[in-house]
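J.: Pasted the sequence and its predicted model underneath.
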Amino acid sequence: MDRDQVISVLGDFVQFQTPIGPGDNLPAKCPFHSGGQEKNPSFYVYVGPTNFNKSTGSAFCHKCVKGWSLRSLLKDLNRGYTEIHETLTKLGSVSGFQKLQTPHQRTLDLSNPVLPEWLLATYDYCPKDLLRSGFTKKVLKDFDIGFDLLHGRITFPLRDHLGRLVGISGRTVLGHPIRYKIYKSEINQPRYNLVKQRLLWNLHDVRVRADQQTLQSPIMLCEGFKAVMWLKQQGYPNAVCSLGTHTSEEQILLLSYLTDSLLVFFDNDRAGIWATHKVIAKLTKYFSLELAKYPSAEKSDSPDDLSKEEIDHAVINSLSVTEWRSRYAKILREIRRDRSDR
């Protein structure tokens, strides 16, 4: 993606200062205030080469005090998701596995031991707890969800980014203090050791659509399996989770292969809010971020607590990082105070 391509793509929506100068930061009239007709341009589009501080096509407005990646800028200009993806693909900014990487990231190990698929036959039972929670048999089948009768756990197959079975996680329904566990002895594989930091649950499914350029919704980062499954059932199949709230370098690298923007949809309880706060600080170095807007900032919801209409509203009215921090400022202050008192 070069300077002329960026100017060509944005020229229909952004009025660049005439004549267009030779620099890498091109001044323009901001399309988001003063009706796009401000007297003195306050909006700048970066058309230089992508580096570790800026990406080609990113923009910033000094009056709005807001920045955009090219993807998020096109979204705010009311371009449809399919149109945005087609545009970025033509520009070469999202062709798989060409995302900017640091020298360290190039050396990251993404491998895990591959397990035989027949292991899942051991847990070939439909978990009634999830059916009672509102999940359909179809979505449970899509994710190969099963039930471990011996240990009383709902089982979730763990697959790598290529779709290979590399592990099984079990969630207790018996009130066991260890709510989730990665199976080791249960699968009876010599010297088996899973590194979960190298996985993003459901990424293999999202990757297929990204490779085929058929993504119809943003890629969402969630906390847990149920959130990913519920979002898919409600029409948002491009959700992944990191098996917890920590996001590793390997997981960041895997995500960077597919997108330069993410919608974070962590739980809305205090733990999830604090985890969102931490993940924002980490991911803004690599992605343009938006945050799902829950119906209430005070109610401890998770994505799988929301109706289809509430999820649609949370996605369509997603918050910028600045807006999210403002909305949760009081809660974050309380959490910081509580943590400092320990």
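T.: Looks like it came in fine.
J.: now do the same end-to-end measure for stretch 254-274.
T.: 24 Å (C-alpha to C-alpha, to the nearest Å).
J.: Stretch 224-238 too?
T.: Using C-alpha to C-alpha, the end-to-end distance of stretch 224-238 comes out at 14 Å.
J.: what do you get for stretch 73-86?
T.: Span of stretch 73-86 from end to end, C-alpha to C-alpha: 15 Å.
J.: Show me what the mean pLDDT comes to for that stretch.
T.: In this model, stretch 73-86 has a mean pLDDT of 75.
J.: try stretch 90-104
T.: Mean predicted confidence for stretch 90-104 is 46.
J.: Over to stretch 206-226?
T.: Rounded mean pLDDT across stretch 206-226 is 84.
J.: May I see the buried residues of it?
T.: Buried residues in stretch 206-226, defined by neighbour count with 16 or more other C-beta atoms under 10 Å: 206-207, 209-210, 215, 218-226. Placement of C-beta: from N, CA and C, glycine included.
J.: Wait, residue 259 touches residue 286, no?
T.: No: in this structure, residue 259 is not within contact of residue 286 by C-beta atoms under 8 Å, at 10.1 Å.
J.: a strand runs through residue 312, doesn't it?
T.: No: counting by DSSP: H, G, I helix; E, B strand; the rest coil, one finds residue 312 to be helix, located in no strand.
J.: so how far is the helix ranked longest in the chain off the chain centroid?
T.: With residue count as the measure and DSSP state H as the assignment, the chain has helix 270-283 as its longest helix. From the chain centre to the centre of helix 270-283 is a distance of 13 Å (C-alpha atoms, centre = their mean, to the nearest Å).
J.: again with stretch 219-226
T.: So, by C-alpha atoms, centre = their mean, the centroid of stretch 219-226 is 8 Å from its chain's centroid.
J.: what about it, how long is it end to end?
T.: Stretch 219-226: ends 16 Å apart by C-alpha to C-alpha.
J.: what comes into contact with it?
T.: 130, 133, 143, 156, 169, 171, 201, 206, 210, 228, 231, 236, 238-242, 244-245, 247, 255, 258-259, 261-267, 272, 275, 279, 283, 292, 302-304 (C-beta atoms under 8 Å, 6 or more residues apart in numbering).
J.: switch to 7 Å and redo it
T.: Here stretch 219-226 makes contact (C-beta atoms under 7 Å, 6 or more residues apart in numbering) with 156, 201, 206, 228, 231, 236, 238-242, 245, 258-259, 262-267, 272, 303-304.
J.: same check, this time on stretch 174-182
T.: Contacts for stretch 174-182 (C-beta under 7 Å, 6+ apart): 152, 167, 169, 170, 171, 172, 194, 196.
J.: So which bits of that stretch are buried?
T.: 180, 182.
J.: average model confidence for it?
T.: 88.
J.: before we move on, what about stretch 288-298?
T.: For stretch 288-298, mean pLDDT rounds to 93.
J.: start to end distance for that stretch?
T.: End-to-end distance for stretch 288-298, by C-alpha to C-alpha: 26 Å.
J.: What of stretch 132-143?
T.: Stretch 132-143 has an end-to-end distance of 17 Å (criterion: C-alpha to C-alpha).
J.: which residues sit against that stretch?
T.: Contacts of stretch 132-143 (C-beta under 7 Å, 6+ apart): 126, 130, 229, 232, 233.
J.: For it, which residues meet the burial criterion?
T.: In stretch 132-143, counting by 16+ other C-beta under 10 Å, buried: 135, 139, 140, 143.
J.: Next, format these as TSV and append pLDDT and secondary structure.
T.: Output for these, formatted as TSV (pLDDT from 0 to 100; DSSP: H, G, I helix; E, B strand; the rest coil):
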residue	pLDDT	secondary structure
135	97	coil
139	97	helix
140	97	helix
143	97	coil
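J.: Export the residues you listed as JSON lines, with columns for distance to residue 24.
T.: Below are those laid out as JSON lines (distance: C-beta to C-beta, whole Å):
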{"residue": "135", "distance to residue 24": "50"}
{"residue": "139", "distance to residue 24": "47"}
{"residue": "140", "distance to residue 24": "51"}
{"residue": "143", "distance to residue 24": "45"}
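J.: what's the closest of these to residue 38?
T.: residue 139 (48.3 Å; C-beta to C-beta).
J.: hey, where'd the helices end up in the stretch 101-250 of the chain?
T.: Secondary structure of the stretch 101-250 of the chain (DSSP state H, counting those that start in this stretch): helices at 103-106, 128-132, 137-142, 203-211, 225-233, 249-256.
J.: Which one of these lies nearest to residue 72?
T.: helix 249-256 (15.5 Å).
J.: The helix or strand following that closest one - contacts with which helices or strands?
T.: Counting by DSSP states H and E, the next helix or strand C-terminal to helix 249-256 is strand 261-264. Strand 261-264 sits against strand 220-222, helix 270-283, strand 288-291, with contacts defined as 3 or more C-beta pairs under 7 Å, 6 or more residues apart in numbering; DSSP states H and E.
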